[in-house]
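Chemist: coordinates for the following, if possible.
(one chain, ligands or ions: 2)
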Amino acid sequence: MSEQQFDLIVIGGGPGGYAAAIRAAQLDLNTLLIDDRQGEDGKPAPGGTCLNVGCIPSKALLDSSKHFHHIQHDYQDHGIQVSDISMDISKMLERKRGVVKQLNTGLIQLFKANKITFVNGRGKLFADRQVEVSPHEGEKYTASGAHVILAAGSVPFTIPNVEIDNKMILDNVGALEIPDVPKRLGVIGAGVIGLEMGSVWSRLGSEVILLEAADEFLPVIDRDMARVAQREFKKQGLDIRMSCKVSGAEIKDDQVHVHYSGGDDEHTEVFDKLLVAVGRRAASDDLLSDDSGVKLTERGQVDIDDHCRTGTKGVWAIGDLVRGPMLAHKASEEGIAVAETIAGQAGHINLETIPWVIYTDPEIAWVGRNEAELQQAGIEYNAGSFPFAATGRGLAMGNASGQVKMLADAETDELLGCQIIGANASELISEIVVTMEFHGSAEDLARIVHAHPTLSEAVHEAALSVDKRAIHKAN
Ligand code: FAD
Ligand code: NAD
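Modeler: Ligands and ions are numbered 1, 2, ... in the order given. Here you go, the predicted structure:
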């Protein structure tokens, strides 16, 4: 075993870890980044869950399937006649793989350009910030860091009696590689992955049934917004069944038989494929030696303070491995903030203004608190809303479903939260995030000029509607 010294060692090269490494290198820290992921070709595939089997490939499939769906269902209204439409699934998957590969390669070039030492292999933390490095190719050795950032990410939860084989019973990895459109796709969990991946295969022709354990659909957003979303998904053919307790799944004659109880009855549904998407847990297994000193919470997350410090001097943890939303941009911002703090700057993370987006059609985006959370906290608020159907642009596009809903403090008018269901909600939410970061009010947004005709006018009108003075709807 040889020993190497670094200012910073980052374990895990997802959006949290690689952003931390790049920012640290920009700040002249001598940085080692260790990531174990490899592509199908056995080559290093940095970028973590997000780039390889998460955000990016799922969005590639969402975009491909959206084109296919629009051509079939929406083009005629525009006067466009198209016939003989077919979908080449292998081409769609090939395109998705190409997008991922391009970004993997881009990251490796960025590591080189920033003079980051990148090792494709496993890292494990021992006492005194000693890291055992096990490259996929070559000998094990020990590296020592003045600081270590743990950024190992997350892995999917499993449920009893439902064994993932990624051929018939899939997690997020298998769901991104289904070779033919399944006639019937079962999904356990109507959360973010279930809705996104369910949408992909539904648009391509599958009958999709989602079995959700909870009694309430999307409890993280306001009830009226959840109802709008549920109605839209039903129209698209997604069969979302609430309060379902799955007891097991078995493969018989090349089909998956899923047993569950719903209401007082026991049911069995037979699917061609089953996706299990019931949440994710921190990937803390085999990351820490017994003497590392780093503590885990009851949920297996690395325990940290508000600045991502573990209780062990010089050891930090970020991203899906720790508390807070499991989102790529949250992981990256934490990584950047920690790198800046290590370099002596004032790193900053505001968990209150992290936007969420579900990339269904319509998209669902939100930031800040919802009505139930404000009521629970005893905060008085005013609500404003505006439907996209009342915007000229939404109608001109032929995509005017959904609405914007905004919540502002009753006394100060400061924006406290916003939820958007509709086309381009993923982009529209940024304006709200900026306003909230500057502690702006609904009045501030209402007084800002928005270009006409744009979907952003619905955001503007929702802000006006907080004060009951929207122009294009009755208040
Ligand atoms: P990860 O991205 O999980 O990266 C950690 C990396 O560390 C992995 O490559 C892992 O293999 C590696 N690693 C683990 N242990 C070790 C070790 N001991 N040594 C070396 N390497 C190790 N978020 C969004 O914001 N937007 C989206 O649209 C979105 N879509 C998603 C879709 C799907 C299907 C899934 C599953 C997730 C999605 N997410 C999305 C969530 C997002 O992927 C995660 O929040 C994000 O990847 C977390 O980043 P991270 O850096 O903490 O961890
Ligand atoms: P999720 O938490 O979004 O949804 C899981 C769903 O499964 C929940 O509705 C839960 O009630 C349900 N569930 C749990 N146990 C169940 C059971 N035994 N039977 C039936 N239903 C059950 O988790 P996910 O969809 O697996 O995604 C994991 C995480 O990845 C997300 O929380 C999110 O942080 C991240 N992600 C983000 C995006 C995005 O930003 N667009 C996309 C995909 C994933």
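Chemist: which residues sit in contact with the spatially closest residue to Asn399 that is not a sequence neighbour?
Modeler: Spatially, and ignoring its direct neighbours in sequence, Asn399 is nearest to Ala423 (4.4 Å; Cβ to Cβ, 6 or more residues apart in numbering). (Each C-beta comes from the backbone N, C-alpha and C, glycine too.) Residues near Ala423 by Cβ atoms under 8 Å, 6 or more residues apart in numbering: Asp361, Pro362, Glu363, Phe388, Gly394, Met397, Asn399, Ala400, Ser401, Gly402, Leu455.
Chemist: give me the pLDDT for Ala423.
Modeler: On pLDDT, Ala423 comes in at 97.
Chemist: quick check: it vs Ala400, distance?
Modeler: 8 Å (Cβ to Cβ, to the nearest Å).
Chemist: quickly list what's touching both of these two.
Modeler: Common neighbours of Ala423 and Ala400 (Cβ under 8 Å, 6+ apart) are Phe388, Gly394.
Chemist: ok now the helix or strand hosting Ser58, how far from the chain's centre?
Modeler: Per DSSP states H and E: Ser58 is located in helix 55-73. For helix 55-73, the distance from its own C-alpha centre to the chain's C-alpha centre is 17 Å (Cα atoms, centre = their mean, to the nearest Å).
Chemist: what is the burial count for whichever residue of the stretch 351-475 of the chain sits closest to ligand 1?
Modeler: In the stretch 351-475 of the chain, the residue that lies nearest ligand 1 is Tyr359 (6.0 Å; Cβ to the nearest ligand atom). Residues lying near Tyr359 (other Cβ atoms under 10 Å) number 20.
Chemist: contact partners for it?
Modeler: Ser58, Lys59, Leu62, Glu196, Ser426 are the contacts of Tyr359 under Cβ under 8 Å, 6+ apart.
Chemist: is Val276 bridged to anything, and to what?
Modeler: Beta-bridge pairing for Val276 (DSSP bridges): Ile188.
Chemist: I'd say it and Val173 touch.
Modeler: No: shown here, Val276 and Val173 do not form a contact pair, counting by Cβ atoms under 8 Å, at 11.1 Å.
Chemist: give me the more crowded residue out of those two.
Modeler: Neighbour count, other Cβ under 10 Å: between Val276 and Val173, Val276 has more, with 25 against 15.
Chemist: measure the more buried one to ligand 2 for me?
Modeler: Distance of Val276 to ligand 2, computed by Cβ to the nearest ligand atom, to the nearest Å: 8 Å.
Chemist: which stretches in this protein count as helices?
Modeler: Assigned by DSSP state H, the helices in the chain fall at 15-26, 48-53, 55-73, 89-113, 172-175, 192-203, 223-235, 328-342, 371-376, 392-397, 425-437, 442-446, 456-466.
Chemist: tabulate these in TSV, adding columns for distance to Tyr260.
Modeler: Formatted as TSV, the helices of the chain follow (distance: least, Cβ to Cβ, whole Å):
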stretch	distance to Tyr260
helix 15-26	35
helix 48-53	26
helix 55-73	25
helix 89-113	29
helix 172-175	19
helix 192-203	14
helix 223-235	20
helix 328-342	32
helix 371-376	28
helix 392-397	38
helix 425-437	32
helix 442-446	44
helix 456-466	39
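Chemist: deepest of the ones you listed, which one?
Modeler: Sort those by mean neighbour count, taking mean count of other Cβ atoms under 10 Å, and helix 15-26 sits at the top with a mean of 27.
Chemist: report the separation between Gly153 and ligand 1.
Modeler: Applying Cβ to the nearest ligand atom, the value for Gly153 to ligand 1 is 2 Å.
Chemist: number of residues surrounding that residue?
Modeler: Gly153: 27 neighbours (other Cβ under 10 Å).
Chemist: for the contacts of Tyr359, give me TSV that also has distance to Lys330.
Modeler: Below are those laid out as TSV (distance: Cβ to Cβ, whole Å):
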residue	distance to Lys330
Ser58	17
Lys59	17
Leu62	21
Glu196	18
Ser426	15
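Chemist: between the residues you listed, which sits nearest ligand 1?
Modeler: Using Cβ to the nearest ligand atom, these come closest to ligand 1 at Ser58, 4.5 Å.
Chemist: you'd agree the closest one is up against Leu176?
Modeler: Yes: between Ser58 and Leu176 a contact is recorded at 6.5 Å, counting by Cβ under 8 Å.
Chemist: quick one: name the residues of the stretch 251-400 of the chain near ligand 2.
Modeler: Proximity of the stretch 251-400 of the chain to ligand 2 (Cβ under 6 Å from any ligand atom) is limited to residues Ala277, Val278, Gly279, Arg280, Pro325, Met326, Leu327, Val357, Ile358, Tyr359.
Chemist: against Pro15, how distant is the last one?
Modeler: The one in question is Tyr359. Using Cβ to Cβ, we find Tyr359 at a distance of 16 Å from Pro15.
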